[in-house]
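Trainee: Build me a structure from this.
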Amino acid sequence: MKNGYVNGDVWSFERHHQRLPPPDASCDVVLGLDGGTTSTVCVCISIQHLHLHPCSDPPPLLARAVAGCSNHNSVGEAAARETLEQVMAEALSKSGSNRSAVQAVCLGVSGVNHPTDQEMILSWLRLIFPSHVKLYVQNDSVAALASGTMGKLHGCVLIAGTGCISYGITEDGREARAAGAGPVLGDWGSGYGIAAQALTAIIRAQDGRGPQTMLTNRILNTLGLSSSDELIGWTYADRSWARIAALVPEVVSCAEAGDQIANKILVDAVQELALIVKAVVQRLQLCGEDGNGSFPIVMVGGVLEANKKWDIGKEVISCIQKNFPGAHPITPEVEPAVGAALLAWNFLTKEFKGKGYS
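Mentor: Just a heads-up that it's a prediction; the model follows:
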């Protein structure tokens, strides 16, 4: 058994286990991981349960662990792989299991935008897990889609949290995505994009380039700052995307209070989010040749949560359905990490079709 090359101590719990999984595979597990810019979640699920109850909705978790950012574009490769290893070790430790019991691991990680990204993370995983473990690495949008379709890869997903991305896949396996390139390259419908525009509006109001806005007092009070000048120092003191995106509720509150600048920022975000979905749907013809075909659209992320009067998610769906009346919105009953675990199980059963578990 290999020790993780980042920090072997995270696996020290394996030395203290009093018993190992029995040979009949009744304790075999899959791991599903959802890694984002804000946080990383790993869940451990019993393969025996998935085999005996394939339609269980949702499947029970043996354990769940949470860690920080695992997007290597945001925190760097070393920090990303340390976070991934830490959260997987914690999930196995909490479940009373170990790496020998793992049969498949599926990671849905933001920042996986190219086969080289996949291969990099797979190389990390090969150093951590025994050779029998099947390893799958996807963009986090794939896990998010699976969370709404309970492991079936068909339809479209829109993620709008700190970042934003739309991903779609057809029944015959054709894929497309739009956005997801990060804030520098224009994910303006994201939480970061919304909040960054609000901060820009405050600076423009201060120096006379733009109109006055409620956003100024609201955000300065939230941050404990006394002037717009201090906002510049606050912004660049820590470049964390999630730190900026956390200001979205203040933008929504100002829009609900009638501030036109805040309202326009949200309207523009809605248009941008609908546009990235439209790009994916059209490229894959998910709506059929006549444009009226039915397809699922899974809605994931804090920006889309319906907890305010100014409901961004509802407005996005309304915008999408004007172009694609057959779009069927789904709010997942399970989190993306569970979607990743279901993908691990589905990939595993396809790879070993006919072997099954007793």
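Trainee: starting at the chain centroid, how far to stretch 155-162?
Mentor: Distance of stretch 155-162 from its chain centroid, counting by C-alpha atoms, centre = their mean, to the nearest Å, is 8 Å.
Trainee: and if you look at stretch 69-79?
Mentor: Centroid displacement of stretch 69-79 relative to its chain, using C-alpha atoms, centre = their mean, is 15 Å.
Trainee: so where is the chain shaky, pLDDT-wise?
Mentor: Applying pLDDT under 70 to the chain flags the ranges 1-8, 17-26, 55-56, 306, 352-358.
Trainee: Give the residue farthest from the middle of it.
Mentor: Most distant from the centre of the chain: Gly208, at 38.4 Å, with distances by C-alpha atoms, centre = their mean.
Trainee: How are the strands of the chain distributed by residue range?
Mentor: Taking DSSP state E as the criterion, the chain contains strands spanning 29-35, 40-46, 63-67, 102-109, 134-138, 155-160, 164-169, 175-179, 295-300, 327-330.
Trainee: Would you map the helices across the stretch 201-350 of the chain?
Mentor: Using DSSP state H, counting those that start in this stretch, the helices found in the stretch 201-350 of the chain span residues 215-223, 228-237, 241-245, 248-256, 260-284, 312-323, 336-351.
Trainee: quick one, which of those is nearest to Asn73?
Mentor: For the helices of the stretch 201-350 of the chain, proximity to Asn73 was assessed by C-beta to C-beta; helix 241-245 is nearest, at 9.9 Å. All C-beta spots, glycine's among them, are computed from the backbone N, C-alpha and C.
Trainee: Which secondary structure elements does that closest one sit against?
Mentor: Secondary-structure packing of helix 241-245 (3 or more C-beta pairs under 8 Å, 6 or more residues apart in numbering; DSSP states H and E): helix 191-207.
Trainee: hang on, Ser74 packs against Ser39?
Mentor: No - counting by C-beta atoms under 8 Å, Ser74 sits too far from Ser39 to count as a contact (11.9 Å).
Trainee: separation between the residue farthest from the centre of the chain and Tyr136?
Mentor: 54 Å (C-beta to C-beta, to the nearest Å).
Trainee: before we move on, what about Ser12?
Mentor: Distance from Ser12 to Tyr136, by C-beta to C-beta: 27 Å.
Trainee: quick one: which of these two has more around it?
Mentor: Under the neighbour definition other C-beta atoms under 10 Å, Ser12 and Tyr136 were set side by side, and Tyr136 has more, 21 against 12.
Trainee: so who does Leu125 touch?
Mentor: Applying C-beta atoms under 8 Å, 6 or more residues apart in numbering, we find Leu125 in contact with Val105, Leu107, Val133, Leu135, Val137.
Trainee: Equivalent analysis for Gln212, please.
Mentor: By C-beta under 8 Å, 6+ apart, the contact set of Gln212 is Ala205.
Trainee: From Asn292, how far off is it?
Mentor: Going from Gln212 to Asn292 by C-beta to C-beta gives 46 Å.
Trainee: returning to that earlier point: out of the contacts of Leu125, which is most surrounded?
Mentor: Going by other C-beta under 10 Å, Leu107 tops the contacts of Leu125 with 32 neighbours.
Trainee: Any idea what that residue is bridged to?
Mentor: Beta-bridge pairing for Leu107 (DSSP bridges): Leu33, Val137.
Trainee: shouldn't it be in contact with Val87?
Mentor: No - the pair Leu107 / Val87 is not scored as a contact, 10.2 Å apart, by C-beta under 8 Å.
Trainee: which residues do those two both contact?
Mentor: The overlap between the contact sets of Leu107 and Val87 (C-beta under 8 Å, 6+ apart) consists of Leu33.
Trainee: Who's the closest spatial neighbour of Leu62, skipping the chain neighbours?
Mentor: Ser95 (3.9 Å; C-beta to C-beta, 6 or more residues apart in numbering).
Trainee: same check, this time on Ile232
Mentor: Distances taken as C-beta to C-beta, 6+ apart put Ile203 closest to Ile232, at 7.3 Å, once the chain neighbours are dropped.
Trainee: so who does that neighbour touch?
Mentor: Contacts of Ile203 by C-beta under 8 Å, 6+ apart are Ser228, Leu231, Ile232.
Trainee: What of Gly189?
Mentor: For Gly189, the contact set (C-beta under 8 Å, 6+ apart) comprises Ala160, Cys164, Ala179, Ala269, Val270, Glu272, Leu273, Ile276, Val303.
Trainee: got the residues you listed as CSV, with distance to Ile47 and neighbour count columns?
Mentor: CSV is the format used below for these (distance: C-beta to C-beta, whole Å; neighbours: other C-beta atoms under 10 Å):
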residue, distance to Ile47, neighbour count
Ala160, 33, 31
Cys164, 34, 29
Ala179, 35, 28
Ala269, 41, 25
Val270, 41, 24
Glu272, 41, 20
Leu273, 37, 32
Ile276, 36, 24
Val303, 34, 29
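Trainee: which pair in the residues you listed spans the largest distance?
Mentor: So, those by C-beta to C-beta: farthest apart are Ala179 and Val270, at 14.0 Å.
Trainee: related to what we said a few turns ago, against Val267, how distant is the residue nearest to Ile232?
Mentor: Ile203 is 21 Å from Val267, by C-beta to C-beta.
Trainee: what do you get for Pro59?
Mentor: 39 Å.
Trainee: Looking at these two, which is more packed in?
Mentor: With neighbours defined as other C-beta under 10 Å, Pro59 and Val267 compare such that Pro59 has more, 22 against 15.
Trainee: That one is in contact with Leu52, isn't it?
Mentor: No - under the criterion of C-beta under 8 Å, Pro59 makes no contact with Leu52, lying 10.7 Å away.
Trainee: I am finished for the moment; much appreciated.
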